[in-house]
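>>> sequence and predicted structure are below.
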Amino acid sequence: MDASGYLRSVVEQTGTFAEWVDGGDAAMPVPTCPKWTLADLVDHVGATHRMVAMLVGEQLTEPSRAFAAYARAPADSARWGAWMVEGAAAAQRAVESVGADAPVWDPSGAGAGVPFWSRRLFGEACVHRADAAVALERRYELAPEPAVAALEDWLDTLTSRGYWENRSDFAEGMRGDGQTLHFHATDAPGEWLARREADRVVLEHTHTAADVTLSGPAADLLLVLSRRRRLDATPSLQLDGDRALLDRWIDHMDWVSD
């Protein structure tokens with residue numbers, strides 16, 4: 001999927017999200033983000049769209065001005081839907097207005113710029129729509145191929161050099177001496193091997209024996225690995241090997257912790 005494809009999905013998924021939350025109870029808890037209310041979730045999604053629109057549209061190589069422009073959702077939840085749709089559209093316009101090699105800051109440590117942000121917004125849309133679905137008791141659906149793409153985003157982002165260097169709790173929790181975890185989507189092509197090293201987590205795309213393997217439908221893998229659903233409540237997934245190693249991994253998969 002290219003940047004345009006990612007952003008088309010962001011706009012589509014945000015439209016669904018917006019319909020779900022429009023006029024909602026701002027104080028409603030979000031069980032999959034225990035410290036958040038529905039208002040916090042809407043804030044985060046819509047503000048991230050606008051932050052990325054500024055970073056990419058203005059080709060910022062330093063993020064402080066975009067961070068300072070963090071935009072809160074309207075206090076009136078009846079305006080949430082339109083506000084969210086506007087933010088997603090602004091992000092789409094920004095990505096489509098620049099080239100893939102435009103100089104734009106990103107937190108990966110790899111200088112990925114525009115491709116990083118287009119995929120990251122897509123991953124955010126997939127995961128946070130799941131948060132809204134749980135909070136609002138809506139049915140969550142994600143086809144296998146986009147679920148694989150969202151898994152790729154999730155795993156690649158959380159094993160990036162930038163995440164390791166900026167999240168000391170993650171680095172300490174994931175520091176290892178070669179322990180391996182294999183994640184295998186069974187309904188679309190997608191396999192990942194994560195290897196815990198002393199100074200990083202190495203992510204590879206390969207099929208090989210590992211200390212622990214988790215396999216099954218891609219959407220269910222995404223929900224479990226992103227801590228949106230408990231493994232014990234997901235019978236479609238098959239676990240082989242060291243359960244404690246997998247539990248430790250999932251415990252540290254906390255891109256959004258507050």
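It's in.

>>> tell me where the protein has helices.
Ranges of helices in the chain, per DSSP state H, are 3-21, 38-57, 64-68, 80-97, 113-136, 144-158, 161-166, 168-174, 218-225, 243-251.

>>> can you redo those as JSON lines with mean neighbour count and distance to Thr180?
Bear in mind the C-beta positions are built from the backbone N, C-alpha and C, glycine included. Formatted as JSON lines, those follow (neighbours: other Cβ atoms under 10 Å; distance: least, Cβ to Cβ, whole Å):
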{"stretch": "helix 3-21", "mean neighbour count": "20", "distance to Thr180": "29"}
{"stretch": "helix 38-57", "mean neighbour count": "23", "distance to Thr180": "32"}
{"stretch": "helix 64-68", "mean neighbour count": "12", "distance to Thr180": "36"}
{"stretch": "helix 80-97", "mean neighbour count": "20", "distance to Thr180": "35"}
{"stretch": "helix 113-136", "mean neighbour count": "23", "distance to Thr180": "23"}
{"stretch": "helix 144-158", "mean neighbour count": "21", "distance to Thr180": "14"}
{"stretch": "helix 161-166", "mean neighbour count": "16", "distance to Thr180": "17"}
{"stretch": "helix 168-174", "mean neighbour count": "14", "distance to Thr180": "12"}
{"stretch": "helix 218-225", "mean neighbour count": "25", "distance to Thr180": "15"}
{"stretch": "helix 243-251", "mean neighbour count": "15", "distance to Thr180": "9"}
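
>>> need these in TSV with mean pLDDT and distance to Ser236, can you?
Formatted as TSV, the helices of the chain follow (pLDDT from 0 to 100; distance: least, Cβ to Cβ, whole Å):
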stretch	mean pLDDT	distance to Ser236
helix 3-21	95	22
helix 38-57	97	26
helix 64-68	93	39
helix 80-97	97	30
helix 113-136	97	15
helix 144-158	96	12
helix 161-166	92	28
helix 168-174	90	26
helix 218-225	97	5
helix 243-251	95	16
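
>>> show me the one of those that comes nearest Gly190.
helix 144-158 (3.8 Å; Cβ to Cβ).

>>> could you work out the end-to-end span of stretch 98-107 for me?
19 Å (Cα to Cα, to the nearest Å).

>>> how about that stretch: buried residues?
Using 16 or more other Cβ atoms under 10 Å as the test for burial, stretch 98-107 gives 98, 104-107.

>>> which one of those is nearest to Leu239?
Of all the buried residues of stretch 98-107, Leu239 sits closest to Pro107, with 31.2 Å by Cβ to Cβ.

>>> please name the nearest non-neighbouring residue to that closest one.
Closest residue to Pro107 apart from its sequence neighbours, by Cβ to Cβ, 6 or more residues apart in numbering: Gly162 at 4.6 Å.

>>> re the thing from before, Glu191 is nearest to which of the helices of the chain?
Nearest of the helices of the chain to Glu191, taken as Cβ to Cβ: helix 144-158 at 9.6 Å.

>>> what's that closest one in contact with?
The contact list for helix 144-158, computed with Cβ atoms under 8 Å, 6 or more residues apart in numbering, reads 1, 6, 9, 108, 119-120, 122-123, 126-127, 142, 163, 170, 183, 185, 187-190, 192, 194, 201, 203, 217-219, 221-222, 225-226, 253, 255.

>>> distance to Pro235 added to the helices of the chain, as TSV?
TSV is the format used below for the helices of the chain (distance: least, Cβ to Cβ, whole Å):
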stretch	distance to Pro235
helix 3-21	26
helix 38-57	27
helix 64-68	42
helix 80-97	33
helix 113-136	18
helix 144-158	17
helix 161-166	31
helix 168-174	27
helix 218-225	9
helix 243-251	15
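
>>> contacts only, for Thr180.
193-196, 208, 210-212.

>>> actually Asp240, not the one I wrote
Asp240 neighbours (Cβ under 8 Å, 6+ apart): 212-213, 215.

>>> quick one: the residues you listed as a markdown table, columns for neighbour count and distance to Thr37 too.
What follows is the contacts of Asp240, written out as a markdown table (neighbours: other Cβ atoms under 10 Å; distance: Cβ to Cβ, whole Å):
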| residue | neighbour count | distance to Thr37 |
| --- | --- | --- |
| Val212 | 21 | 35 |
| Thr213 | 21 | 37 |
| Ser215 | 16 | 35 |
